[in-house]
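K.L.:
3D, please:
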Amino acid sequence: MVLRLVLGESDLLRCRFALSPLWETQQAVRTLARPEHHGYHLPWLRRTREAAAGLDLAPLWLLMPQRGHGADLISPPPIGPTASFAEEIARVRATDPEIARADIAKSLADQPDGLASARGRAMLADPARAVRDLADLLERAWEALIEPEWPRLRALLEADVAYHSRRLAEVGFERLIGELSPRLRWADSTLTITNTKGEHSRVLDGSGVVLMPSVFTWPETVGGYDEPWQPAVIYPVRGIGGLWAERADRTPAALARLLGRARADILCALTEPAATTTLAGRLSLAPSSVSAHLSALRGAGLLTSRRQGRHVLYERTPLGIALAGSEGPRP
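P.N.:
Just a heads-up that it's a prediction; the model follows:
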């Protein structure tokens, strides 16, 4: 059960990181249908239960077989690290109907009775309408399930990209691949992914590979996208353990007495680089208050900060790690 991507020199030059609100949307929809993944996202499931119940997600689930080809058209590879949902859904709406028909047919073939189902036959009979309907449904799913949570998701994803970009500079592409996921291996110009159905190989033509962290894919690693889409590797994001935590619950009492409860909670919550709004939501504090505490902690030498896209990410210094009683960011 492997996928092999054979990369040439020009492909290596075009490898890039990206993140995708559209990917997280369709993967969240997939998660709702897979109870084995619910344990990773229980707080999110509780918050979105009512909103999810108001959506008819069956057309999307039909194109998400448990094993086999998930339709690429509902989540094409992102155009860059800062693509918005609006930009990505516009690409979905612009999908050529004939490309959509072939993609839908391939997905339905891996779904029990998918090709014979009334909904499947309707999609194949009118792929242009299918694209419109699927895009509309994805947009409703985004608004109900992901958009309210996107600031904290985006901050975690951006922190992952920043971390692995540094690791790429430090250790090179070969070692980086092994660090992204234990299901990835690099040897003899071939990127091997062990999480797919059957044996598949694809010799790339200079398009390169998109490397994309994902929250809702966790803990799996996914590789794919058939032509004409650019190939991609979607790997589990770092730091998911603290993603849905509402507040720090292991702040040492001595640290709280030293720094004050709020600043100690913030320092202990920074197990991964995070933005002000992410910490505010996690700890149920006002963003203005969190911003003031972050400035104080940074001034005391306990934090560093750096700009990542539209956000400033804060990260503990070695002194901050020591005070928080942590070994630092988890892999």
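K.L.:
would you list every one of the strands in the chain?
P.N.:
All strands of the chain, identified by DSSP state E, fall at 2-6, 16-17, 184-187, 190-193, 199-203, 210-214, 222-224, 232-236, 303-308, 311-316.
K.L.:
closest to residue 160 out of those strands?
P.N.:
strand 210-214 (4.1 Å; Cβ to Cβ). Yep, even glycine has a C-beta here, placed from its N, CA and C like the rest.
K.L.:
in the stretch 101-250 of the chain, what spans have low per-residue confidence?
P.N.:
Residue ranges of the stretch 101-250 of the chain with pLDDT under 70: 195-198, 225, 242, 245-250.
K.L.:
one more pass at 50, please.
P.N.:
247-248 (pLDDT under 50).
K.L.:
so what's residue 200 closest to, chain neighbours aside?
P.N.:
Nearest residue to residue 200 in three dimensions, chain neighbours excluded: residue 3, at 4.7 Å (Cβ to Cβ, 6 or more residues apart in numbering).
K.L.:
with residue 189 as the reference, measure out to the one you found.
P.N.:
15 Å (Cβ to Cβ, to the nearest Å).
K.L.:
next: residue 320.
P.N.:
Noted for residue 320: a distance of 41 Å to residue 189, by Cβ to Cβ.
K.L.:
the two: who's more crowded?
P.N.:
The neighbour count for residue 320 versus residue 189, taken as other Cβ atoms under 10 Å, is higher for residue 320 (22 against 13).
K.L.:
now do the contacts for the most centrally placed residue in the chain.
P.N.:
Centroid-nearest residue in the chain, with Cα atoms, centre = their mean: residue 214, separated by 2.0 Å. Counting by Cβ atoms under 8 Å, 6 or more residues apart in numbering, residue 214 touches 23-24, 27, 157, 222, 234-237.
K.L.:
just put these in TSV and tack on distance to residue 271.
P.N.:
Below are the contacts of residue 214 laid out as TSV (distance: Cβ to Cβ, whole Å):
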residue	distance to residue 271
23	24
24	21
27	23
157	15
222	25
234	23
235	19
236	16
237	13
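K.L.:
now render these as JSON lines, adding distance to residue 9 and neighbour count.
P.N.:
Formatted as JSON lines, those follow (distance: Cβ to Cβ, whole Å; neighbours: other Cβ atoms under 10 Å):
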{"residue": "23", "distance to residue 9": "28", "neighbour count": "26"}
{"residue": "24", "distance to residue 9": "32", "neighbour count": "27"}
{"residue": "27", "distance to residue 9": "32", "neighbour count": "23"}
{"residue": "157", "distance to residue 9": "29", "neighbour count": "27"}
{"residue": "222", "distance to residue 9": "26", "neighbour count": "22"}
{"residue": "234", "distance to residue 9": "24", "neighbour count": "28"}
{"residue": "235", "distance to residue 9": "23", "neighbour count": "26"}
{"residue": "236", "distance to residue 9": "29", "neighbour count": "21"}
{"residue": "237", "distance to residue 9": "29", "neighbour count": "23"}
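K.L.:
near the residue nearest to residue 200, how many other residues are there?
P.N.:
Residue 3 has 22 neighbouring residues, counting by other Cβ under 10 Å.
K.L.:
just residue 109 next, same as before
P.N.:
A count of neighbours around residue 109, defined by other Cβ under 10 Å, yields 13.
K.L.:
count the residues that sit near residue 104.
P.N.:
26.
K.L.:
which one is it nearest to, not counting chain neighbours?
P.N.:
Nearest to residue 104 is residue 123, by Cβ to Cβ, 6+ apart, at 5.1 Å.
K.L.:
in the biggest helix by length in the chain, what counts as buried?
P.N.:
Assignment by DSSP state H gives helix 150-171 as the longest helix of the chain. The neighbour-count criterion (16 or more other Cβ atoms under 10 Å) identifies 150-165, 168 as the buried residues of helix 150-171.
K.L.:
do the same with stretch 54-74
P.N.:
Across stretch 54-74, burial judged by 16+ other Cβ under 10 Å covers 55, 57, 59-60, 62-65, 68-74.
K.L.:
and of the residues you listed, the nearest to residue 106?
P.N.:
Nearest to residue 106 among these, with distances taken as Cβ to Cβ, is residue 69, at 4.8 Å.
K.L.:
pretty sure the closest one sits against residue 104.
P.N.:
No - at 10.0 Å, residue 69 does not count as touching residue 104 under the criterion of Cβ atoms under 8 Å.
K.L.:
tell me how far stretch 276-291 lies from the chain's centre.
P.N.:
Here stretch 276-291 shows a centroid-to-chain-centroid distance of 22 Å under the convention Cα atoms, centre = their mean, to the nearest Å.
K.L.:
quick check: end-to-end length of it?
P.N.:
Terminal residues of stretch 276-291 are spaced 6 Å apart (Cα to Cα, to the nearest Å).
K.L.:
looking only at pLDDT, what's the mean for that stretch?
P.N.:
In this model, stretch 276-291 carries a mean pLDDT of 84.
K.L.:
report the buried residues of stretch 95-106.
P.N.:
95, 99-101, 103-106.
K.L.:
same thing with stretch 131-149?
P.N.:
Those would be 131, 134-135, 137-142, 144-146, 149, for stretch 131-149 by 16+ other Cβ under 10 Å.
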